[in-house]
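J.: Just to be clear, the model below is a prediction. Sequence and coordinates:
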Amino acid sequence: MSVEVGSKIIGKVTGIKHFGAFVELPERKNGLVHISEVADQYVEDINDHLSIGQEVEVKVLSVGDDGKISLSIKKAKEQKPKPRQRKEPSPEDFEKKLSSFLKDSEDRLSTIKRQAESRRGGRGRR
């Protein structure tokens with residue numbers, strides 16, 4: 001199996017550093033899983049998630065001109081998000097929202113009118 005960008009491969013963790021883990025891939029190639037690509041949540045200590053000799057599924061993110069292979073564990077586990085079901089609003093919900101909007105609108109309009117009258121001296125129109 002050749003190492004191509006976007007492919008998912010099973011590899012073995014051969015080394016762990018504070019910045020990531022080295023993974024041995026088929027055909028005796030090695031790649032690096034950066035610490036930010038280990039898990040979906042923040043990873044403070046990579047040793048809490050990986051150990052030397054552990055087999056992991058990785059996704060190839062990039063292959064550099066110099067042969068460096070960038071890998072991701074979290075993207076290998078990603079699944080397509082499930083479509084969310086839309087809740088149909090009931091007519092009562094619409095009526096509540098409409099009456100709330102009208103009340104807020106009238107309150108704001110009356111506040112604006114009061115402020116305008118106070119600027120003119122509070123006597124109303126001349």
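T.: Sure, I can see it.
J.: now Pro83: how far from Phe22?
T.: As for Pro83, its distance to Phe22 is 38 Å (criterion: C-beta to C-beta, to the nearest Å). Every C-beta, even on glycine, is put in place using the N, C-alpha and C of the backbone.
J.: These two: who's more crowded?
T.: Taking neighbours as other C-beta atoms under 10 Å, Pro83 and Phe22 compare with Phe22 leading, 17 against 6.
J.: Apart from its neighbours in sequence, what residue is nearest that one?
T.: Nearest non-adjacent residue to Phe22, counting by C-beta to C-beta, 6 or more residues apart in numbering: Gly15, 4.0 Å away.
J.: Now that neighbour: phi and psi?
T.: Backbone torsions for Gly15, taken as degrees, to the nearest 10, come to phi -160, psi 150.
J.: Surely it touches Glu24?
T.: No. Judged on C-beta atoms under 8 Å, Gly15 makes no contact with Glu24 at a distance of 9.1 Å.
J.: of the two, who's got more company?
T.: Counted by other C-beta under 10 Å, Gly15 and Glu24 do not tie: Glu24 has more neighbours, with 15 against 12.
J.: my hunch is that the more buried one is in a helix, does that hold up?
T.: No. The assignment for Glu24, made by DSSP: H, G, I helix; E, B strand; the rest coil, is strand rather than a helix.
J.: buried stuff in the biggest helix by length in the chain?
T.: For the chain, the longest helix by residue count, based on DSSP state H, is helix 91-119. In terms of neighbour count (16 or more other C-beta atoms under 10 Å), helix 91-119 has no buried residues at all.
J.: Any stretches of the protein with poor pLDDT?
T.: For the chain, the stretches flagged by pLDDT under 70 are 1, 79-82, 89, 122-126.
J.: tell me, what residue is most central in it?
T.: Closest residue to the average C-alpha location of the chain: Asp40 at 8.8 Å, with C-alpha atoms, centre = their mean.
J.: Please report the distance of that residue from Lys74.
T.: Asp40 is 5 Å from Lys74, by C-beta to C-beta.
J.: returning to what we had before: give me the distance between the longest helix of the chain and the centre of its chain.
T.: From the chain centre to the centre of helix 91-119 is a distance of 37 Å (C-alpha atoms, centre = their mean, to the nearest Å).
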